[in-house]
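1. Following is a predicted model, sequence given first.
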Amino acid sequence: MFDTTNYIRRHTARKVALGLAALTWSLGARTANVGPPDEPRSLYLNVEKGSNLITGLTQGNFRLHLDGKPQPFRLEKPEEPASVALLVEHSGSSGYFADDLNAALQGFLKHALEGHWYALATFSHEVEIRTDFTKQIGEITAAYSQLGTPTWSEIDTYDAVYEMLDKMGRLPGRRILVVVGSGLDTFSEHSLGQVQKKAEAENVTIFVAGLGSLFRGAYDPYLDSSARMSLVQGQAFLKMLAGKTGGFAWFPNQVNGFPDVMQGIMQSIATQYRLGYDAPPNGSGKFHTVKVEAFRMVNDKREDFKVLVREGWR
Amino acid sequence: MPVLNLDLRSMLALLCSELLLGTLTGCGRHRVTLPEVKPPSRVFEPLQEELQKSYLTLFETASKLDYSDGQILKMQEYLKQAQDYCVGKFEGVSGEYERRVADAQRTLKKSNITDEERHTLHCSIQDARALKSQADVISQHAIPVAYDNKQAKLELIQKWPGQLKEIQQSVADGTYKNRRWADVQDIGFREIEKNQKDDIKIGQEAVRDLKQSGLMPKEIEDEAVVSYVKRIGQKIALNSDLQVPLQITVLNSREINAFALPGGFVFIERGILESVDDESQLAGVIAHEMSHDVARHGHKLMTKATIAQIIYQAAQIAAVLATGGAAGIGTLYGLQYGFYGLGLTLNLTLLGVSREFEQQADQLGIQYVWKAGYDTSGFIRFFDKMATKEGYVNSASWFRSHPPFYQRMVESEREIMYLPKQQNLVVNTPEFAAMKAALAKVSAKAEEESKAKPSLISPEQGCPPPSKLLYEADQPIEMICSTPQIISGVTQPGK
């Protein structure tokens, strides 16, 4: 039996302990980011048909609904350069994910689009900024290649995502967070609910390259139900983040899938649409739902597309 | 017995060294007081003044100075101790700010602090981090470089008069013609190294690797700047022993750096163009880099593995700097980020770059600028400026890993003296001024872009103006060591 089961079980137990701490912390949680009345807001979205990204749509191909009501909008050019931050799990407990991580970073080097700003942050018990935003992609991979052995064994994903959303929420323009992690959480101070609210409040699109291909692939038959449950929970958390924010979460079953994931993320960034609209006042921090329809008319018949867009904002 | 005639400090030192208790007892730390032994003031003060002068001035005046070996030796010892004291002082400042950051972070964890207190603590942490970063730059780079510079000048004062006599003697008796590559009248027709063409492929691969690594800065696109630099390069190439096409690339990076890859690939960074004062200085830089290719140093050293090492090392440095705190990154980056060439800040010992190769490139470079009709002192003036006038922090760390600065200066001056005298040497041209004007626009645009750069290390808003360790680039290093001053800060250790 692999000791991975014990490892995941141990960390799951710690997650329970985390509950109380998170509850206490929630009292001091930051108020969500509220824009001034009538502040123009932007929605960033991708349009898909099957597995293909659809480009070249115009304003007439979209409909926007805010809180269930039609909302006027402008189709605008997404800001360039975008600020793209990689948040990478780098923990003593993540040894089984090392190959995934290497493959993901190699994929990043190969497929990263020139001209955008890129940053690298790692996390275990806390977030460390390894490379602040740069346009020299090699700085990211070089910084990663010299990370060395992690000192800490925590995987505080919730805290890390929360902190990165907080940092990125202050940046101007288009902001994208690429989480390269397992979604496991060992001892975060923030609760899942707090991270969820933060993701709703900050206009940051989250893409995920989910670590753990070994467990999803070759080692899967050896996992007990508890370990499997932890992994599924981790994945669910990451899927939730991506879904809430208009991104996407990929979970390859094989290590060689990671370069493709990074390519997919870069393609998504390259083909994002931006809808601008004037947001109503939101002093209460209430959640406003967003729905975007994308379609085109072919021979007088409406062909609908799948839209990847944030669920709403608060 | 003399052996037992030890005072308390000596006893402690002995204990430290014998029992290896350094880390436990604090032994091995830097001295905490100013050096007690120094030359008498009638010697010390004028000598201090001499050490502030440029190398070129000292080449002129050293023969007229009258200092004994004993006085020089005492001064050397004093400078050594003063450097140790100075480094210790700034390490102390750095440590103090580190403690302040830790204290503030501990306070932040308390649950009963108000938003206002939290904001104040954030400002304090931000300020202390910036000051720590500045103190680290000064202790790790500025002070060692400044004292190396002083020691080199001291050596020049001591040894140059004797060497000058030797040079004059060898000119008089014609033995200078026996030196290596003395056949300067045959530049372009002699062979420094065979088969330069064989390096082209290696160079092309190196350039490709460099580009693929994602570490190479973008090229400058301004035609006025690029064509000017290429023109100067071609002019020198025509007056050199280079047998392969010269490929000059001008990179849009603020680093004061230039480097060569095998096979005639020379890279000049924007920082160099911003730093040179006249055309002869730029010619000296390009000629030096070109000489590495002429002498095939790259072929000897830069195998594929070492090129990868260079790229990796440069990236490592950049990445380390990125974690050093928001303030001072630019300075540190400017200090350390380079590949192979003038900017030399990498560990050249690791790369196997020998003193001999640098001196060869200096000698050939001087010969080529001479042949091209430039003022040969441009090369020395540029190095001098980097070492002395530009300040210790901004640019001058390259000679930490180069051959000893003194030796390099002396050998360059020696070569200049051996070269046949020429009239109407070019120092500057109107084209240089036009390039500078075009460059100013490029630099301004780059600065603008850099200001628009997002940051994850975003500063806390609404804090008092950031503190700064008071430091002027060209002031004597003793000034900052005697009393590190902080201006307009919110957190000042000991205050």
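-> Nice, thanks for sending it over.

2. where does the chain have its least confident helix or strand?
-> All of this refers to chain A. helix A:4-26 (a mean of 41; mean pLDDT, DSSP states H and E).

3. Wait, chain B was what I had in mind.
-> Ranking every helix and strand in chain B by mean pLDDT, DSSP H and E puts helix B:329-336 at the bottom, with a mean of 30.

4. Okay, and the most centrally placed residue in chain A sits in which element?
-> The geometric centre of chain A, computed from its C-alpha atoms, lies nearest to residue A:206 (Cα atoms, centre = their mean), at 2.5 Å. Here residue A:206, judged by DSSP states H and E, is contained in strand A:205-210.

5. That strand packs against which elements?
-> Taking 3 or more Cβ pairs under 8 Å, 6 or more residues apart in numbering or on different chains; DSSP states H and E as contact, the helices and strands that strand A:205-210 lies on are strand A:175-181, helix A:225-245, strand A:249-250, helix A:258-270. All C-beta atoms are positioned from the backbone trio N, CA, C, and that covers glycine.

6. Partner strands of the third one, with direction?
-> When sheet partners are counted by DSSP bridges, strand A:249-250 sits next to strand A:205-210 (parallel).

7. quick one: contacts of the partner strand?
-> Applying Cβ atoms under 8 Å, 6 or more residues apart in numbering or on different chains, the external contacts of strand A:205-210 come out as A:44, A:100, A:104, A:161, A:174-183, A:199, A:234-235, A:238-239, A:241-242, A:244-252, A:258, A:261-262, A:265, A:268, A:272, A:310.

8. ok, and for that strand, which residues are buried?
-> By neighbour count, with 16 or more other Cβ atoms under 10 Å in any protein chain shown as the criterion, the buried positions of strand A:205-210 are A:205, A:206, A:207, A:208, A:209, A:210.

9. Can you identify the element that follows it toward the C-terminus?
-> Moving toward the C-terminus from strand A:205-210, the first helix or strand encountered (DSSP H and E) is helix A:213-216.

10. what stretches of chain B score poorly on pLDDT?
-> Using pLDDT under 70 as the threshold, the predicted model of chain B has low-confidence ranges B:1-37, B:141, B:215, B:300-355, B:387-405, B:458, B:470-478, B:482-495.

11. which SS state does the residue of it most remote from its centre fall under?
-> Taking Cα atoms, centre = their mean as the measure, the residue most remote from the mean C-alpha position of chain B is residue B:112, 49.1 Å away. What DSSP: H, G, I helix; E, B strand; the rest coil gives for residue B:112 is coil.

12. That one: what's it in contact with?
-> Under the criterion of Cβ under 8 Å, 6+ apart, the contact list for residue B:112 is empty.

13. What is the distance between the longest helix along chain B and the centre of its chain?
-> Ranked by residue count, the top helix of chain B under DSSP state H comes out as helix B:69-108. Helix B:69-108 has its average C-alpha position 21 Å from the chain's average C-alpha position, going by Cα atoms, centre = their mean, to the nearest Å.

14. which helices and strands does it pack with?
-> Under the contact criterion of 3+ Cβ pairs under 8 Å, 6+ apart, the helices and strands touching helix B:69-108 comprise helix B:41-51, helix B:115-137, helix B:143-173, helix B:477-482.

15. Would you mind listing the buried residues in it?
-> Under the neighbour-count criterion of 16+ other Cβ under 10 Å, helix B:69-108 has B:71-72, B:74-75, B:78-79, B:81-94, B:96-97, B:100-101, B:104 buried.

16. cool, stretch B:190-207 as well?
-> Within stretch B:190-207, the residues that qualify as buried are B:192, B:196, B:199, B:200, B:202, B:203, B:206, B:207, counting by 16+ other Cβ under 10 Å.

17. Need the distance between the two termini of it.
-> Between the opening and closing residues of stretch B:190-207 we find a distance of 28 Å, counting by Cα to Cα, to the nearest Å.

18. Distance from the chain centre to that stretch, please.
-> Average the C-alpha atoms of stretch B:190-207, do the same for its chain, and the two points are 28 Å apart (Cα atoms, centre = their mean).

19. How about it and chain A, any contact?
-> No: under the criterion of Cβ under 8 Å from any Cβ of the partner chain, chain A is not reached by stretch B:190-207; the shortest gap measures 14.1 Å.

20. Am I right that residue A:130 falls within a strand?
-> Yes: with three-state DSSP as the criterion, residue A:130 is located in a strand.

21. tell me the secondary structure for residue A:47?
-> Under the three-state scheme (three-state DSSP), the conformation of residue A:47 reads as strand.

22. Next up, the contacts around it.
-> Counting by Cβ under 8 Å, 6+ apart, residue A:47 has contacts A:53, A:54, A:55, A:57, A:271, A:273, A:294, A:305, A:306, A:307, A:308.

23. measure the second one to residue B:274 for me?
-> Distance, residue A:54 to residue B:274, using Cβ to Cβ, to the nearest Å: 47 Å.

24. the more surrounded of these two?
-> When neighbours are counted by other Cβ atoms under 10 Å in any protein chain shown, residue A:54 comes out ahead of the other of residue A:54 and residue B:274, with 19 against 14.

25. so that one touches residue A:294, yeah?
-> Yes: proximity of residue A:54 to residue A:294 meets the contact threshold set by Cβ atoms under 8 Å, at 7.4 Å.

26. list residues touching both of these two?
-> Between them, residue A:54 and residue A:294 share the contacting residues A:47, A:305, judged by Cβ under 8 Å, 6+ apart.

27. Of the buried residues of stretch B:190-207, which is the nearest to residue A:111?
-> For residue A:111, the closest of the buried residues of stretch B:190-207 turns out to be residue B:207, at 22.1 Å, with distances computed as Cβ to Cβ.
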